[in-house]
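# next comes the sequence, and after it the predicted model I'd like to discuss.
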Amino acid sequence: MGLQREAEVLAVALASGRHVVLEGPPGTGKSTLLRALADEAGVELVFVEGNAELTPSRLVGYHDPAMVIAGGYRPDAFVAGPLVEAVRDGALLYLEELNRIPEESLNVLITALAEGELHVPRVGRIAAHPSFRLIAAMNPYDAVGTARIGQAIYDRLCRLSVGYQDEAHEREIVERVTGIQGTDVELAVATVRATRIHPDVRVGSSVRGAIDMAVMTAGLRTLRTVSAASHYGAQRGALLDAALASLSGRIRLDEASDRVPEDVIAEILDKVLADWLRRLGGEPQPDPEDDSGKVPAPARG
């Protein structure tokens with residue numbers, strides 16, 4: 001998985017009764033890491049997607065109106081939300097996109113984190129099971145639709161920064177997910193990693209972009225009968241179309257940039273291809289039988 005350090009820190013935090021926020025860009029394996037630890041520990045994982053619609057009643061629970069009308073506020077009329085379920089049953093409550101959750105819903109968490117209990121109107125006190133843990137995840141880069149997390153929440157959470165994995169592990173992920181190996185994976189991963197350091201890009205692509213690019217490249221090669229022996233123009237065309245489809249919607253350009261994602265992706269791909277060709281055996285030479293002005297890829301040995 002390539003997150004050994006993060007796995008160790010998170011495992012110790014959970015074992016010692018800490019609640020944790022995992023902070024990092026999308027596609028870095030935060031949910032995969034947590035699911036693996038929950039499975040290993042044999043603990044239930046309650047998943048909640050954070051968004052503006054996550055009201056306190058959806059998080060905590062509510063009384064069924066029909067049952068209340070029929071018999072009043074009986075215990076069986078209460079429909080437990082994910083927070084109550086996790087607190088009562090001792091599960092891991094995983095809140096995605098913590099900084100997209102409304103403030104009034106975040107405030108509900110404070111008592112559970114600080115006191116280990118909840119007080120629900122017409123239900124009463126619900127004590128937290130000893131194994132209850134809250135794990136939250138948030139993307140620090142995307143400010144659209146997000147809110148600042150209050151210090152009262154942060155003060156009750158350990159913070160674990162989760163970054164992108166190294167190139168070798170990202171290739172392993174793409175190969176495992178797609179079943180594709182070789183050049184298409186190498187170029188897809190290199191292109192995606194280059195989006196994260198380009199000066200015009202504020203937010204680069206996650207490894208999901210590399211997965212899609214590898215699949216799209218392989219499919220376009222088959223559809224267009226483009227092989228490793230095809231001239232450079234045909235190969236670049238398949239790679240570029242795959243990259244544009246896979247990455248143009250995933251990257252976010254800097255507000256000061258006057259460029260469009262398509263231009264940036266084409267520039268990145270050309271640099272990745274040039275570096276790849278040089279590693280294979282020097283600069284490519286023009287193909288005298290190709291009038292497209294492109295050059296053939298050197299033979300792979």
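Sure thing, it's come through. What you see is a predicted model, and the numbers here were worked out from it, not measured in a lab. Numbers count the residues shown, from 1 in each chain.
# which elements pack onto the longest helix along the chain?
Counting residues, the longest helix in the chain under DSSP state H turns out to be helix 261-281. With contacts taken as 3 or more CB pairs under 8 Å, 6 or more residues apart in numbering; DSSP states H and E, helix 261-281 sits against helix 183-195, helix 232-247. In this view, the C-beta of every residue, glycine as well, is placed from N, C-alpha and C.
# please identify the most buried of those.
Burial of the helices and strands packed on helix 261-281 is given as mean neighbour count (mean count of other CB atoms under 10 Å); helix 183-195 ranks first at a mean of 23.
# got a list of contacts for it?
For helix 183-195, contacts defined as CB atoms under 8 Å, 6 or more residues apart in numbering pick out 164, 167, 170-171, 174-175, 178, 201, 204-207, 209-211, 213-214, 217-218, 221, 228, 239, 242-243, 246-247, 250-251, 264-265, 268-269, 271-273, 275-276, 300.
# if you set the cut-off to 6 Å instead, what comes out?
The contact list for helix 183-195 (CB atoms under 6 Å, 6 or more residues apart in numbering) reads 170-171, 174-175, 201, 204-205, 209-210, 213-214, 217-218, 243, 251, 268-269, 272.
# cool, and stretch 155-163?
By CB under 6 Å, 6+ apart, stretch 155-163 touches 6, 9, 13, 18-24, 28, 30, 113-114.
# can you flag which of those belong to helices?
Per DSSP H, the subset of these in helices is 6, 9, 13, 30, 113-114.
# that older thread, out of the contacts of helix 183-195, which are buried?
170-171, 174-175, 201, 204-205, 209-210, 213-214, 217-218, 243, 251, 268-269, 272 (16 or more other CB atoms under 10 Å).
# which residues of the stretch 101-250 of the chain fall in helices?
Here the stretch 101-250 of the chain has its helices, by DSSP state H, counting those that start in this stretch, at 103-115, 151-154, 167-178, 183-195, 207-223, 232-247.
# which other helices and strands contact the first one?
The criterion is 3 or more CB pairs under 6 Å, 6 or more residues apart in numbering; DSSP states H and E, and the helices and strands that helix 103-115 contacts are helix 56-60.
# could you dump the helices and strands packed on helix 261-281 to JSON lines with distance to residue 119?
Putting those into JSON lines (distance: least, CB to CB, whole Å) gives the following:
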{"stretch": "helix 183-195", "distance to residue 119": "47"}
{"stretch": "helix 232-247", "distance to residue 119": "48"}
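# out of the ones you listed, flag the one nearest residue 87.
Closest approach to residue 87 among the helices and strands packed on helix 261-281 (CB to CB): helix 183-195, 39.3 Å.
# skip the chain neighbours and tell me the closest residue to residue 24.
Of all residues beyond its chain neighbours, the one nearest residue 24 is residue 162 (3.7 Å), with distances taken as CB to CB, 6 or more residues apart in numbering.
# between the helices and strands packed on helix 261-281, which gets nearest to residue 66?
Ranking those by their distance to residue 66 (criterion: CB to CB) puts helix 232-247 first, at 47.7 Å.
# just checking: what are the partner strands of whichever helix or strand comes after that closest one?
Counting by DSSP states H and E, the next helix or strand C-terminal to helix 232-247 is strand 252-253. The strands beside strand 252-253 in its sheet (DSSP bridges) come out as strand 201-203 (antiparallel).
# quick one: low-confidence ranges for the stretch 101-250 of the chain?
Low-confidence segments of the stretch 101-250 of the chain (pLDDT under 70): 141-148, 229.
# try it again with 50
Of all residues in the stretch 101-250 of the chain, none has pLDDT under 50.
# domain-wise, how is the chain divided?
Each domain of the chain is listed here as a residue range: 4-161, 167-281, per automatic domain parsing.
# thinking again about what came up before, highest neighbour count among the ones in helices among the contacts of stretch 155-163?
The most crowded member of the ones in helices among the contacts of stretch 155-163, judged by other CB atoms under 10 Å, is residue 30 (25 neighbours).
# can I assume that one is in contact with residue 137?
Yes: between residue 30 and residue 137 there is a contact under CB atoms under 6 Å: 4.8 Å.
# which residues are common contacts for those two?
Common neighbours of residue 30 and residue 137 (criterion: CB under 6 Å, 6+ apart): residue 22.
# ok, back up a step: tilt between the longest helix of the chain and helix 207-223?
Computed by axes from the mean of the first three to the mean of the last three CA atoms, to 10 degrees, the angle separating helix 261-281 from helix 207-223 equals 70 degrees.
# any idea of the mean pLDDT in helix 261-281?
Averaging pLDDT along helix 261-281 gives 92.
# output it in PDB with nothing but the alpha carbons.
What follows is helix 261-281, C-alpha atoms only, in PDB (Å, rounded to 0.1, in the frame of the first residue of the first chain):
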ATOM      1  CA  PRO A 261      -6.200  22.800 -18.700                       C
ATOM      2  CA  GLU A 262      -5.800  21.300 -22.200                       C
ATOM      3  CA  ASP A 263      -2.800  23.400 -23.000                       C
ATOM      4  CA  VAL A 264      -1.100  22.600 -19.700                       C
ATOM      5  CA  ILE A 265      -1.800  18.900 -20.100                       C
ATOM      6  CA  ALA A 266      -0.400  18.800 -23.700                       C
ATOM      7  CA  GLU A 267       2.800  20.600 -22.500                       C
ATOM      8  CA  ILE A 268       3.200  18.200 -19.600                       C
ATOM      9  CA  LEU A 269       2.700  15.200 -21.800                       C
ATOM     10  CA  ASP A 270       5.200  16.400 -24.400                       C
ATOM     11  CA  LYS A 271       7.900  16.800 -21.700                       C
ATOM     12  CA  VAL A 272       7.100  13.400 -20.300                       C
ATOM     13  CA  LEU A 273       7.400  11.800 -23.700                       C
ATOM     14  CA  ALA A 274      10.600  13.600 -24.500                       C
ATOM     15  CA  ASP A 275      12.200  12.400 -21.200                       C
ATOM     16  CA  TRP A 276      11.000   8.900 -21.900                       C
ATOM     17  CA  LEU A 277      12.400   8.800 -25.400                       C
ATOM     18  CA  ARG A 278      15.800  10.100 -24.300                       C
ATOM     19  CA  ARG A 279      15.900   7.300 -21.700                       C
ATOM     20  CA  LEU A 280      15.200   4.800 -24.500                       C
ATOM     21  CA  GLY A 281      18.100   5.900 -26.700                       C
END
